[in-house]
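Peer 1: Output the structure for:
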Amino acid sequence: MHDDAALIANALQRLAGRLVPDGHAVQAVRRLSGGASQQTWAFDVATTGAGHAQPLVLRRAADASGARALGTAGLAAEAQLIEAARAGGVPVPGVRHVLQPADGLGEGFVMDRIEGETLGRRIVRDERLAGARRVLARQCGAAMARIHRLPAHHLPPLRTAAARAELDFQIGLHRSHGTARPVFELAFRWLRANAPADVPAPVLVHGDFRNGNLMVGEEGLRAVLDWELAHVGDPMEDLGWMCVRSWRFGHGALPVGGFGTREQLFEGYTAEGGQVDAERVRWWEVLGTLKWGIVCEAMVHAWLSGRERDVEKAAIGRRASEAESDLLALLAPEEEAA
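Peer 2: Take a look at the predicted model:
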């Protein structure tokens with residue numbers, strides 16, 4: 001870890017003057033997060049003169065192989081998406097530099113570091129953010145609408161994800177685990193029977209717009225983060241994913257991230273020119289709930305097979321049963337659930 005930090009600090013030092021005007025010294029390099037495919041590092045660039053230090057973030061591939069996690073856009077594409085979103089009025093960090101081979105850091109980019117809260121549990125509970133919670137769902141709806149209307153010619157090449165194809169992929173992934181889950185099978189049948197037709201004009205979809213991928217301050221939404229799952233598809237997918245119960249962090253009565261109502265989310269979306277199809281949103285919420293359950297199942301499967309030794313992943317896997325409970329609540333008629 002210390003060796004990695006030193007190597008990264010040295011490489012960033014060579015870029016200091018390009019990252020920040022009058023930048024001369026890279027300081028406080030520290031790793032924020034990192035998995036098998038990507039790492040996030042925070043650092044500051046000190047400038048000559050007034051002693052100002054610019055806070056920045058490095059997102060880079062974990063190795064030089066260029067391998068990507070399944071379904072991800074790639075870091076160069078992610079940087080392009082963030083810049084397109086910024087031009088379209090979406091709150092995002094500014095991209096300072098897209099890494100080149102000569103930089104010695106692999107694939108990735110450097111962006112501004114925006115201060116605020118990203119932890120979902122704090123966003124729904126912190127008293128300092130009480131004012132933010134009153135406006136946050138509408139702000140999220142507005143940001144989604146701006147994402148969905150970004151011009152296609154400003155976007156990098158991205159995969160297309162239609163509703164039925166996404167459902168078929170999740171069915172195949174679950175079956176590959178060899179785990180019997182009758183509630184998942186019930187959800188598969190409901191989703192097949194109610195699958196919406198493909199949208200005539202697919203748009204940019206963030207793909208992971210949820211509480212936990214937002215930077216929030218006392219005034220509300222400061223930035224939309226983590227664009228690695230962006231793709232082209234049905235705009236209602238983002239609205240449905242935002243409402244998945246797992247992102248409410250114990251505040252189940254508020255379906256939008258544990259801080260707002262669907263009505264507030266839809267109001268923000270329509271105020272920016274978006275059109276809401278509530279039935280499609282519900283279909284994507286059901287699929288999103290199922291998808292998270294299958295992700296949890298996959299973590300346990302990887303741990304049991306020996307491919308993954310992180311016990312935390314195995315612990316997350318227990319949440320597959322929570323997804324089953326959430327699916328039953330979504331699919332059961334209200335009068336029967338009462």
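
Peer 1: any weak-confidence spans in the stretch 51-200 of the chain?
Peer 2: Within the stretch 51-200 of the chain, the ranges that satisfy pLDDT under 70 run 51, 63-71.

Peer 1: those strands in it, which residues are they?
Peer 2: With strands called from DSSP state E, counting those that start in this stretch, the stretch 51-200 of the chain shows them at 53-61, 95-98, 108-112, 160-161.

Peer 1: Tell me which of the ones you listed sits most buried.
Peer 2: Stretch with highest mean neighbour count among the strands of the stretch 51-200 of the chain: strand 108-112 (a mean of 22; mean count of other C-beta atoms under 10 Å). (Each C-beta comes from the backbone N, C-alpha and C, glycine too.)

Peer 1: Tell me which other helices or strands it touches.
Peer 2: When contacts are defined as 3 or more C-beta pairs under 8 Å, 6 or more residues apart in numbering; DSSP states H and E, strand 108-112 packs onto helix 2-19, strand 53-61, helix 75-87, strand 95-98.

Peer 1: and with 6 Å instead?
Peer 2: strand 53-61, strand 95-98 (3 or more C-beta pairs under 6 Å, 6 or more residues apart in numbering; DSSP states H and E).

Peer 1: tell me, how many neighbours does the residue lying closest to Gly252 once chain neighbours are set aside end up with?
Peer 2: Closest residue to Gly252 apart from its sequence neighbours, by C-beta to C-beta, 6 or more residues apart in numbering: Arg245 at 6.1 Å. By the criterion of other C-beta atoms under 10 Å, Arg245 has 21 neighbours.

Peer 1: Then Leu229?
Peer 2: 19.

Peer 1: buried residues in the helix or strand that contains Lys291?
Peer 2: Using DSSP states H and E, Lys291 sits in helix 278-305. Residues 280-303 are the ones in helix 278-305 that count as buried (16 or more other C-beta atoms under 10 Å).

Peer 1: One more: stretch 99-110?
Peer 2: Buried-residue list, stretch 99-110, by 16+ other C-beta under 10 Å: Leu99, Asp103, Leu105, Gly106, Glu107, Gly108, Phe109, Val110.

Peer 1: rewinding a little: could you export the helices and strands packed on strand 108-112 as TSV, including distance to Arg125?
Peer 2: Shown next, in TSV, are the helices and strands packed on strand 108-112 (distance: least, C-beta to C-beta, whole Å):
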stretch	distance to Arg125
strand 53-61	25
strand 95-98	32
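
Peer 1: quick one: which of these is nearest Ala314?
Peer 2: Closest approach to Ala314 among the helices and strands packed on strand 108-112 (C-beta to C-beta): strand 53-61, 25.4 Å.
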